[in-house]
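A.B. asks: Following is a predicted model, sequence given first.
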Amino acid sequence: MATSLKCFLRAGKNVVSVLRPRGFHSSAPAAVQVTVRDALNQAMDEELERDERVYLLGEEVAQYDGAYKVSRGLWKKYGDKRIVDTPISEMGFTGIAVGSAMAGLRPICEFMTFNFSMQAIDQVINSAAKTYYMSAGLQTVPIVFRGPNGSSAGVAAQHSQCFAAWYAHCPGLKVVSPWNAEDARGLLKAAIRDDNPVVFLENELMYGVAFEMSEESQSKDFTIPIGKAKIERQGNHVTLVSHSRCVGHCLDAAAVLAKEGIECEVINLRSIRPMDVESIETSVMKTNHLVTVEGGWPQFGVGSEICAKIMEGPAFNYLDAPVTRVTGVDIPMPYAKILEDNSVPQIKDIIFSIKKTLNV
Amino acid sequence: MLSNISNVLRACATRNGAAVVMSARTYADFTTQASFEVKKCDVFKLEEAPATEVVMTRDEGLQYYRVMQTMRRMELKADQLYKQKIIRGFCHLYDGQEACAVGIEASINLSDHLITAYRAHGYTYTRGGTVKEIMAELTGRRGGIAKGKGGSMHMYCEHFYGGNGIVGAQVPLGAGVALACKYQGKNELCVCLYGDGAANQGQIFETYNMAALWKLPVIFVCENNRYGMGTSVERAAASTDYYKRGEFIPGLRVDGMDVLCVREATRFAADHCRSGKGPIIMELQTYRYHGHSMSDPGVSYRTREEIQEVRSKSDPISLLKDRMLSNNMASVEELKEIDIEVRKEIEDAAQFATTDPEPPLEDLCNHIYHNDQPMEVRGTNPWAKLKSVS
């Protein structure tokens, strides 16, 4: 069913309502169900079409259609020049990508997973992030580094690390972390159009998840501003701040707690750097309680940064309790299912933490 | 001649379903050893090459057969368990490449060292892991060789350094092991494996340089199975002569489907290392029947005909079997007997692997530091204070 849906969607970009409820036909805009994978694919397709300087390179991105099929169909459409299969040479091809960005192209450099970006991290930080500064504005590096980040399912320690904190630590980089299909589409387009190096952190487990996308978000020029968070759910009792897959967990926890009369405000960060601290502060000044939720390790993480920022700003005086961080467990990711399940934040952990924070 | 007669008579007896008791073939009827011709290895920066006429004894043959068959069946069982979702995550199978692992191990000692990448189940076995603990690791149970914490790509045992998930990273590690060998003066060497895909990693060339400069006792082995995930060698490498890529390091190109050719080449390479001449590269031309991993069907970048052709013409187990049978080194029944024993061993191991309990939650935070104080580890929230004992 999913396959036929995909085919149907690919048949025409202007497919109208696929899952519209039967009954009274209104003139409301046509919404469509799109997986995160397809949203990324369509965003890249459109940006490749829009600007011929844009090209994609990485391992298995062309003839294999992408290790996770995110670049499916692109090589067939655009050919060898625009969609480039590289050897397994991360440091080398990342450097090549950055160099090409310096000389006028707009590369999308894919890491099969961000774990492998560690092999190339010097090029990302020292060659991409810092160059505009070092050249006092002379040399731009309009590049996007994208790929799956964070934990997956059963891929063990070397393939499960979250790099949000590492990259967001560095001035000169922008770091975004989409959750749903709309985030994926809007943020990727914005990242490709941005003249700066952007680290685009996807999530493998989200690729196959479908979300409803508004008609507005299907427009070819739909972009989401980098540096702005989104309030996914309004609430008065506690602010939950998260990014990527954990946003979904927060919404699930909020649904459970709503039945007990606890209304959570869920903020989807969307951007890690620059981070929309203002949205968090505004929310905390309303709810007086803050819980951060992330998949990465606790020490020096996204949650740590949020805590620090809150303490440095006006919202601190509105807190009725210390900020609570919900994070991955501070260990390398184990393989066995029972251990892995207990290494990442579960919905029950979020609920527990919220109740402790609210002292209920 | 007598043995032929008794063979024929025995066959007749079976066919007629007669209950006639024939005299069982004794081991004295078999050839105890024979000479075989193996393909000549291409050499690079070497005056000599490994021998092309090699001797194999009956016992050796039976052992190689048993080990290769065990590896084959183990991988096929893993395929089955993966499809049943009892194994999860990554699973990179080795079937087709058995002659490499068995041939290498035949010419080194367990006191030598070995490291490879993620297609590691076979090597875990030849290095001393049991099928039981390998399978239990794949299913993530406490009886696994890494207590369920590592999974398919992270299996270790004595003098076997994994099982490594980051392509190419194992190569400098292997040279480091060799450095330790030289440093400690124990006349041990390190066999350091990588694939045709990894051969384009920069860190390998850095390693070549230092290994040659410092004359480290390392045998670099490139298992060239023609495809790096979905990318054929022609599309990934400016030069596909992997045995020459070491530039200033001598190299051999070896028929990786022939266990005797691999054994002979490894013997040659090991002699080179142990004589203090420094590193050497062996390119083993081999083939994997499965896709890159269980999530790759393996037919989008190569044809089924190609896979079938290799299976029918170059299968390492069949090659060995034919050699033994046509040289009267074993009987069909004897090999069948081994097959049955192997099948049983795999079944028992799979049974264990599916019924052994998962690791206990108390083990979650252990093995962070060695020889250290017990410490507290932060769980998913500030109130979750977990225990870690070294």
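C.D. replies: Received, thanks.
A.B. asks: What about residue A:256, how many residues nearby?
C.D. replies: 15 (other C-beta atoms under 10 Å in any protein chain shown). Bear in mind the C-beta positions are built from the backbone N, C-alpha and C, glycine included.
A.B. asks: Now it: which helix or strand?
C.D. replies: Assigning secondary structure by DSSP states H and E places residue A:256 in helix A:246-258.
A.B. asks: pLDDT of the helix or strand just after that helix, averaged?
C.D. replies: Per DSSP H and E, helix A:246-258 leads on to strand A:264-268 as the next helix or strand towards the C-terminus. Averaged across strand A:264-268, pLDDT comes to 98.
A.B. asks: same thing with stretch A:149-167?
C.D. replies: In this model, stretch A:149-167 has a mean pLDDT of 98.
A.B. asks: So for it, what gets flagged as buried?
C.D. replies: A:149-152, A:154-167 (16 or more other C-beta atoms under 10 Å in any protein chain shown).
A.B. asks: And for stretch A:102-112?
C.D. replies: A:102, A:105, A:106, A:107, A:108, A:109, A:110, A:111, A:112.
A.B. asks: Narrow those to those in helices?
C.D. replies: residue A:102 (DSSP state H).
A.B. asks: What is the nearest of the buried residues of stretch A:102-112 to chain B?
C.D. replies: Nearest to chain B among these is residue A:112, at 8.8 Å by C-beta to the nearest C-beta.
A.B. asks: So that closest one sits against residue A:58, correct?
C.D. replies: Yes. Assessed by C-beta atoms under 8 Å, residue A:112 is found in contact with residue A:58 at 6.9 Å.
A.B. asks: hey, what's in contact with both of those two?
C.D. replies: residue A:147 (C-beta atoms under 8 Å, 6 or more residues apart in numbering or on different chains).
A.B. asks: Among the buried residues of stretch A:149-167, which ones lie close to chain B?
C.D. replies: A:152, A:154, A:155, A:156, A:157, A:158, A:159 (C-beta under 8 Å from any C-beta of the partner chain).
A.B. asks: okay but the fifth one is in contact with residue A:336, surely?
C.D. replies: No. Residue A:157 lies out of contact with residue A:336 (C-beta under 8 Å); the separation is 11.9 Å.
A.B. asks: check contacts around residue A:313.
C.D. replies: Residue A:313 sits next to A:277, A:281 when contact means C-beta under 8 Å, 6+ apart.
A.B. asks: Just the pLDDT at residue B:15, thanks.
C.D. replies: 46.
A.B. asks: wait, residue A:5
C.D. replies: For residue A:5, pLDDT reads 47.
A.B. asks: can you check residue B:2 too?
C.D. replies: pLDDT, read off for residue B:2, is 47.
A.B. asks: ok, residue B:56 to chain A distance?
C.D. replies: 36 Å (C-beta to the nearest C-beta, to the nearest Å).
A.B. asks: Confirm that residue sits in a strand?
C.D. replies: Yes. Checked against DSSP: H, G, I helix; E, B strand; the rest coil, residue B:56 lies within a strand.
A.B. asks: what are the bridge partners for it, then?
C.D. replies: residue B:34 (DSSP bridges).
A.B. asks: what's near enough to touch it?
C.D. replies: For residue B:56, the contacting residues are B:33, B:34, B:36, B:260, B:323, B:329, by C-beta under 8 Å, 6+ apart.
A.B. asks: rerun at 7 Å
C.D. replies: Contacts for residue B:56 (C-beta atoms under 7 Å, 6 or more residues apart in numbering or on different chains) come out as B:33, B:34, B:36, B:260.
A.B. asks: Residue B:324 is in contact with the third one, correct?
C.D. replies: No. Under the criterion of C-beta atoms under 7 Å, residue B:36 makes no contact with residue B:324, lying 10.0 Å away.
A.B. asks: hey, where'd the strands end up in the stretch 151-300 of chain A?
C.D. replies: Shown for the stretch 151-300 of chain A, the strands assigned by DSSP state E, counting those that start in this stretch span residues A:174-176, A:198-202, A:210-213, A:230-233, A:238-242, A:264-268, A:271-273, A:290-293.
A.B. asks: Out of the ones you listed, which is the most enclosed?
C.D. replies: For these, the largest average neighbour count (mean count of other C-beta atoms under 10 Å in any protein chain shown) is found in strand A:238-242, namely a mean of 29.
A.B. asks: what's the nearest residue to residue 61 if we skip its chain neighbours?
C.D. replies: Answering for chain A, as no chain was given. Leaving out its chain neighbours, the residue that sits closest to residue A:61 by C-beta to C-beta, 6 or more residues apart in numbering or on different chains is residue A:71, at 4.7 Å.
A.B. asks: To clarify, I was referring to chain B.
C.D. replies: The shortest distance from residue B:61 to any non-neighbouring residue, by C-beta to C-beta, 6+ apart, is to residue B:324 (4.9 Å).
A.B. asks: now for the longest helix seen in chain A, which elements pack on it?
C.D. replies: Scanning chain A for the longest helix, with DSSP H as the assignment, gives helix A:36-50. Contacts defined by 3 or more C-beta pairs under 7 Å, 6 or more residues apart in numbering or on different chains; DSSP states H and E place helix A:36-50 against strand A:54-58, helix A:74-82, helix A:181-193.
A.B. asks: Indicate the residue of chain A located nearest to chain B.
C.D. replies: Counting by C-beta to the nearest C-beta, chain A gets nearest chain B through residue A:154, at 2.7 Å.
A.B. asks: Go through the buried residues of stretch A:102-112 and flag which are in strands.
C.D. replies: Within those, residues falling in strands by DSSP state E are A:106, A:107, A:108, A:109, A:110.
A.B. asks: Just flag the most distant two among those residues.
C.D. replies: Farthest pair in those (C-beta to C-beta) is A:106 and A:110. Separation: 14.0 Å.
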